[in-house]
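[1] Here you go, sequence then predicted model.
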Amino acid sequence: MSKTVGAVTAANAGTKLQGKKMAYWSVTSLLAAALTLSGLGQLMKIGGNVDLVANLGYPLYIMQILGTWKLLGVIAVLAPRFPRLKEWTHAGIFFLMTGAAMSHLLDHDYGAGGFNVILPLFYAGLNIASWALRPESRKL
């Protein structure tokens, strides 16, 4: 009977690891897709990005900087190895997204239904989830 219990416990542990891995890649893929689209939109100056930046009073060249950082962040998060770079990248994404939310909040530029504040906070949440679910091979 103990062999059966041990086999069930081992199977449950394997299933939990597989589930965590699937959750990590789901969240990380969604984060990467969102940052890629956002970064490309900023670099190409499409999708209302110019209005968002101009309304906040930032110079338009900030879009090239932010768009480039986002795309480099996607590469760093998805690339294998380099755990220290991933740690810094997750921190940078968190600061970038919470900074965007605070910029809109402090400027009273909430957007329709608070979209301009909620979306960057959602991305920050995805970033936290990706960081928390990362496999051992991606940790320091």
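    Structure received.
[2] dump the residue contacts of Pro59.
    If a contact means C-beta atoms under 8 Å, 6 or more residues apart in numbering, then Pro59 has Val53 as its contacts. (C-beta placed from N, C-alpha, C; glycine too.)
[3] let's see 10 Å
    53, 65 (C-beta atoms under 10 Å, 6 or more residues apart in numbering).
[4] Need the three-state assignment for it.
    Under the three-state scheme (DSSP: H, G, I helix; E, B strand; the rest coil), Pro59 adopts coil.
[5] for Gly47, same thing?
    Applying three-state DSSP: Gly47 is coil.
[6] Around the closest residue to it other than its chain neighbours, how many other residues sit close by?
    Leaving aside its sequence neighbours, Gly47 sits nearest to Gly41 (C-beta to C-beta, 6 or more residues apart in numbering; 4.3 Å). Here the count is done by other C-beta atoms under 10 Å, and Gly41 has 18 residues near it.
[7] Quick test: name the residue nearest the centre of the chain.
    The residue lying closest to the centre of the chain (C-alpha atoms, centre = their mean) is Asn127, at 3.5 Å.
[8] Let's see the pLDDT reported for it.
    If you check Asn127, the pLDDT there is 98.
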